[in-house]
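> here is my input, please return the structure:
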Amino acid sequence: MFDVELIDKENFTVGINLLYGIYFLIVFLAVVNLDVAGPKKALLKFWNSLSFGLIFFYILLIGFREYNVGTDTANYYLFSWQLGYESTGFELLFDWIIAGIKSIELSFTVFLLLVSSCFFYSFYRGFKNIAIFYNASILFILFSFVSLFFVSSLSINVIRQGL
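Have a look, this model is predicted:
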């Protein structure tokens with residue numbers, strides 16, 4: 001459908017670290033704003049709205065990476081797209097998604113974008129509900145989540161581990 005250059009392993013690692021650094025900077029500015037302005041005058045809605053944008057960039061970074069980044073991605077690409085196996089028999093939802101994407105002749109990148117969107121959106125919605133329930137900032141909750149050591153591994157191998 002469209003030809004884009006995918007992100008290789010080295011640039012993917014740089015991108016993940018850069019995105020984390022930007023996220024840290026935004027959280028730092030939000031904390032300073034909260035400390036200086038106080039809870040009544042701080043721009044909490046503005047800072048919280050940035051959290052969805054940051055999740056969107058995580059989705060794009062994971063979706064537009066090369067297929068050899070992560071072990072599961074290469075295996076799914078090999079078995080589902082190159083060798084043409086229609087069903088693994090174990091993962092019916094993935095089989096249906098793959099069959100649907102292949103039937104309208106879209107690329108494996110679209111599959112990665114869809115799966116990473118499901119992964120991050122489910123966390124975003126869950127953390128948003130927690131933030132509403134506890135009257136907390138979703139920006140801080142999501143930053144705590146992406147700061148965990150295993151989130152990078154989950155997002156790299158989003159097909160099997162992430163979902």
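> how close does residue 59 get to residue 160?
18 Å (C-beta to C-beta, to the nearest Å). Every residue, glycine included, has its C-beta placed from N, CA and C.
> pick out whichever of the two has more residues nearby.
residue 59 (23 against 16; other C-beta atoms under 10 Å).
> which residues touch the more buried one?
113, 116-117, 120 (C-beta atoms under 8 Å, 6 or more residues apart in numbering).
> any idea which element it lies in?
In this assignment (DSSP states H and E), residue 59 forms part of helix 44-63.
> what's the first helix or strand after that helix?
helix 71-76.
> avg pLDDT for that next one?
The average of the pLDDT scores along helix 71-76 is 80.
> same for the helix or strand just after it, what does it pack against?
Next along the chain after helix 71-76, taking DSSP H and E as the criterion, comes helix 92-103. Helices and strands touching helix 92-103, by 3 or more C-beta pairs under 8 Å, 6 or more residues apart in numbering; DSSP states H and E, are helix 108-134.
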